[in-house]
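Any chance you can model this:
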Amino acid sequence: MARVGFIGVGHMGGPMARNLTKAGHAVKVYDLSEEAMNFAVQSGGKAAASVQDAARGVEFVVTMLPVGDNVRAVFMGDGVLAAADPGTVLIDSSTIDVESARAVHAAAAERGYAMLDAPVSGGVAGAEAATLTIMCGGDKATFEKARPVLQAMGKNIVYCGGPGLGQVTKICNNMVAGIISLATSEAFVLGEKLGVARQTLFDVISTSSGSSFILNRNCPAPGPVPTSASSNGFKPGFRANLMLKDLRLSQAAAQTAGTATPLGAAATAAYALHVTRGHGELDSSSIIKLINPDL
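Model (predicted):
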């Protein structure tokens, strides 16, 4: 079993760190939130006094942070890269912009560290159940070395290619998810407005060409899927403001690539309006409230 430093033990990182502990790894945790730290320690982690402390004396450092600027700050300067022992493998599971991911990769390589960008998909439920999909960018040998640690946190561990390509894959996935959630919402509101029962719409779409993972697991219309966020007051598994963040990343990436993403742009605009109206802390499926505010 490995010694792991885990930085960022919030809604996603906390359950991920707990699953590492459950798998037998020795986990040292750090977070700016005292509440998050207490949760992680009660789950079997050992409290670190700082970012630097979390990075010392371990074989792997895992980070789960909000944005690219946070990742740069934690790794660069007097952060992880200044404190980690030689040979430590660095794994960033944050979802951030490709430019930041590649910049941190380059800084790590300059200091002699192997690194993976390893963003995850599956939301809080996936983090808690250790069923996340983890998309990894970096050296293939580093990916294989990190696999036992990754497998304690996720079910589908995918090597996507070189530095930054885990982030590219995650951004593409979430752009699709945002588009599908919006389109599914529009279909349910349209069908109901014209007199078709919600359950009938679900029964047909879920067994026809309009079916999707989003529909079957997190249907934006309340009722047809009892375990969905929509059927439980839109309690967040993946918050709308995080979907907006990822959609904005997709648009920045599209601009860099010089490729058109008209549906991605439409979904980004829709989620921006939805969040502006005060729904950012609800589940991303609450985008249906933009189409029908009464839901």
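
Output the contacting helices and strands for whichever strand or helix holds residue 159.
Using DSSP states H and E, residue 159 maps to strand 154-161. Judged by 3 or more CB pairs under 8 Å, 6 or more residues apart in numbering; DSSP states H and E, strand 154-161 is in contact with strand 132-138, helix 140-151, helix 165-193. Where you see a C-beta, it was placed from the backbone N, CA and C, and this is true even at glycine.

10 Å instead, please
strand 114-117, strand 120-121, helix 123-129, strand 132-138, helix 140-151, helix 165-193 (3 or more CB pairs under 10 Å, 6 or more residues apart in numbering; DSSP states H and E).

Put together TSV for those, with mean pLDDT and distance to residue 214 on each row.
TSV is the format used below for the helices and strands packed on strand 154-161 (pLDDT from 0 to 100; distance: least, CB to CB, whole Å):
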stretch	mean pLDDT	distance to residue 214
strand 114-117	98	25
strand 120-121	95	12
helix 123-129	92	12
strand 132-138	98	14
helix 140-151	98	25
helix 165-193	98	5
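
Contact partners for residue 167?
68, 92, 94-102, 117-119, 135, 137, 160, 249, 253 (CB atoms under 10 Å, 6 or more residues apart in numbering).

can we see that at 8 Å?
Taking CB atoms under 8 Å, 6 or more residues apart in numbering as the criterion, residue 167 is in contact with 95-98, 101, 117, 119, 135, 137.

Looks like residue 101 contacts residue 68 (just checking).
Yes. Contact criterion CB atoms under 8 Å: residue 101 and residue 68 qualify, at 7.4 Å.

more crowded one of these two?
The residue with more neighbours, out of residue 101 and residue 68, is residue 101; 29 against 21, by other CB atoms under 10 Å.

Quick check: phi and psi on the more buried one?
Phi and psi for residue 101, reported as degrees, to the nearest 10, are phi -60, psi -50.

any idea how far it lies from residue 243?
With distances taken as CB to CB, to the nearest Å, residue 101 is found 19 Å from residue 243.

for residue 25, same thing?
Using CB to CB, residue 25 is found at 31 Å from residue 243.

Give me the more crowded residue out of these two.
A count of neighbours by other CB under 10 Å puts residue 243 above the other of residue 25 and residue 243, at 27 against 23.

The more buried one: helix or strand, and which one exactly?
Residue 243 belongs to helix 240-257 when assigned by DSSP H and E.

That helix versus helix 165-193: what angle between them?
Between helix 240-257 and helix 165-193, the angle comes out at 120 degrees (axes from the mean of the first three to the mean of the last three CA atoms, to 10 degrees).

continuing past helix 240-257, what's the next helix or strand?
Stepping forward along the backbone from helix 240-257, the first helix or strand reached (DSSP H and E) is helix 262-274.

who's in contact with the residue lying closest to residue 161 once chain neighbours are set aside?
In this structure, residue 161 finds its nearest non-sequential neighbour in residue 137, 6.1 Å apart by CB to CB, 6 or more residues apart in numbering. For residue 137, the contact set (CB under 8 Å, 6+ apart) comprises 101, 105, 116-118, 160-169.

change it to 7 Å
If you count contacts by CB atoms under 7 Å, 6 or more residues apart in numbering, residue 137 has them with 116-117, 160-167.

and if you look at residue 107?
The contact partners of residue 107, by CB under 7 Å, 6+ apart, come to 75-76, 81.

so which of those residues is the most crowded?
In terms of neighbours by other CB under 10 Å, the contacts of residue 107 top out with residue 75 at 29 neighbours.

Touching, it and residue 105? I think so.
No. With contact defined as CB atoms under 7 Å, residue 75 does not reach residue 105; the gap is 9.6 Å.

Wait, residue 202 touches residue 222, no?
No. Counting by CB under 7 Å, residue 202 does not reach residue 222; the two are 10.9 Å apart.

Mind picking the two most distant members of the contacts of residue 167?
Maximum pairwise distance among the contacts of residue 167 (CB to CB): 15.0 Å, between 97 and 135.

Neighbour count: these two, which is higher?
residue 135 (29 against 21).

Against residue 232, how distant is the more buried one?
For residue 135, the distance to residue 232 - CB to CB - is 28 Å.

Next: residue 160.
With distances taken as CB to CB, residue 160 is found 33 Å from residue 232.

do the same with residue 54
34 Å.

per-domain residue ranges of this structure.
3-162, 168-291 (automatic domain parsing).

winner for burial among those domains?
Greatest average neighbour count among the domains of the chain goes to domain 3-162 (a mean of 20), per mean count of other CB atoms under 10 Å.

chain center to it, what's the gap?
12 Å (CA atoms, centre = their mean, to the nearest Å).
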